[in-house]
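> this one's sequence-less:
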Ligand SMILES: CCCCCCCC(=O)SCCNC(=O)CCNC(=O)[C@H](O)C(C)(C)COP(=O)(O)OP(=O)(O)OC[C@H]1O[C@@H](n2cnc3c(N)ncnc32)[C@H](O)[C@@H]1OP(=O)(O)O
């Protein structure tokens, strides 16, 4: 049985990631597209156009955990920066009405679409075990603790990232691959927010100074340019007051159709 609340939350999260502004009203319109068999047409055109997606069973049967919300492992820097951006996600007008601010927090779940594969459905075992790479460590604070905020007006996004003890590379410092993973995740999320579904085609990374394990850093991404299917994004990893540069990167993302992932 599918619980609409969970579906609603995920679909809302996906809509936010895809850069679609949704009010309660137009979201409900999409929810009302659920068929009697309990399947959902996702609310953006590129996915609606893939017939297969519309008849797939929804992969979640419970309220999913949003991993981008604070937990007890978050240190003071992580919490302070979360509050700083989160407080700008909603503003109060003079007549006491609440409105979206310039920033949006993107929710983050540890499972993505169940059937995205090279044309042939994954085996049932893999389907049930597949988890987002950055969200697959159970112990809170041990791996990637992060939250992404996007600013559509400035076409910019920031990620507050606290690197856990399982991400060690050089003694006491974060592994370069873990840093690359976060850069790919955040630049990829930003490119998706700006351009819809994309895949990383190219990532260039310069490591300038090591990141201490357990510390909190900021990843700041901005759009360099868009050319047809290509979205160019750059990213800087700095300490929390941006006075020290740890890493800088540029990424090229190519727009894809969902058919690319489904093997179409
Ligand atoms: C919430 C979590 C978010 C996480 C986000 C993480 C994102 C990821 O990690 S994605 C996984 C890693 N990436 C991949 O596996 C992608 C594998 N590669 C591919 O699938 C394909 O090569 C793909 C889709 C990138 C491009 O293929 P395709 O759509 O056929 O494009 P193609 O026709 O080859 O090239 C189109 C244009 O891009 C250019 N291009 C393609 N690849 C590159 C490249 N690596 N460098 C520079 N230019 C490139 C081509 O030269 C061409 O340019 P032009 O139009 O000017 O001639």
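Perfect, thanks for sending it. For clarity, every value in this text was computed on a predicted model and none was experimentally measured.
> OK, contacts around residue 67?
Each residue near residue 67 by CB atoms under 8 Å, 6 or more residues apart in numbering is listed here: 108, 109, 110, 135. C-beta: built from backbone N, CA, C; applies to glycine.
> could you rerun that using 6 Å?
If you count contacts by CB atoms under 6 Å, 6 or more residues apart in numbering, residue 67 has them with 108, 135.
> what strand or helix carries it?
For residue 67, there is no helix or strand it lies in under DSSP states H and E.
> can you name the helix or strand that whichever residue of the stretch 101-250 of the chain sits closest to the ligand falls in?
Proximity to the ligand, evaluated over the stretch 101-250 of the chain using CB to the nearest ligand atom, is greatest for residue 188 at 2.7 Å. Secondary structure from DSSP H and E places residue 188 in helix 176-195.
> tell me the buried residues in that helix?
By neighbour count, with 16 or more other CB atoms under 10 Å as the criterion, the buried positions of helix 176-195 are 178-179, 182-195.
> again, but for stretch 206-213
Along stretch 206-213, these residues count as buried under the neighbour rule (16+ other CB under 10 Å): 211, 213.
> ok, the residue of the stretch 101-250 of the chain closest to the ligand - contacts?
For residue 188, the contacting residues are residue 200, by CB under 6 Å, 6+ apart.
> local confidence estimate at it?
Reading off the confidence values, residue 188 has pLDDT 98.
> helices of the stretch 101-250 of the chain, start to end?
All helices of the stretch 101-250 of the chain, identified by DSSP state H, counting those that start in this stretch, fall at 124-129, 176-195.
> closest to residue 217 out of those helices?
Counting by CB to CB, residue 217 lies closest to helix 176-195 out of the helices of the stretch 101-250 of the chain; the figure is 8.7 Å.
> pLDDT weak spots in the protein?
Within the chain, the stretches falling below the threshold (pLDDT under 70) are 1-62, 112-127, 261-264.
> can you list the domains in it?
1-64, 66-262 (automatic domain parsing).
> any idea how far residue 111 is from the residue of the stretch 101-250 of the chain closest to the ligand?
Counting by CB to CB, to the nearest Å, the gap between residue 188 and residue 111 amounts to 17 Å.
> in stretch 73-88, what's buried?
Applying a neighbour-count criterion of 16+ other CB under 10 Å, one finds 74, 77, 78, 81, 82, 85, 86, 88 buried in stretch 73-88.
> ok, stretch 239-255 next?
Buried residues in stretch 239-255, counting neighbours by 16+ other CB under 10 Å, are found at 239, 240, 246, 247, 248, 249, 250, 251, 252, 253, 254, 255.
> is any part of stretch 174-186 close to the ligand?
Yes. Under the criterion of CB under 6 Å from any ligand atom, the ligand is reached by stretch 174-186 at 184, 185.
> what's next to that stretch, contact-wise?
When contacts are defined by CB under 6 Å, 6+ apart, stretch 174-186 is touched by residues 134, 159, 161, 163, 167, 169, 200, 203, 205, 207, 211, 213, 219, 221, 235, 247, 249.
> again, 8 Å this time
For stretch 174-186, the surrounding residues in contact (CB under 8 Å, 6+ apart) are 133-134, 144, 146, 148, 157, 159, 161, 163, 167-169, 200, 203, 205, 207, 210-213, 219, 221, 235, 237, 246-247, 249, 251.
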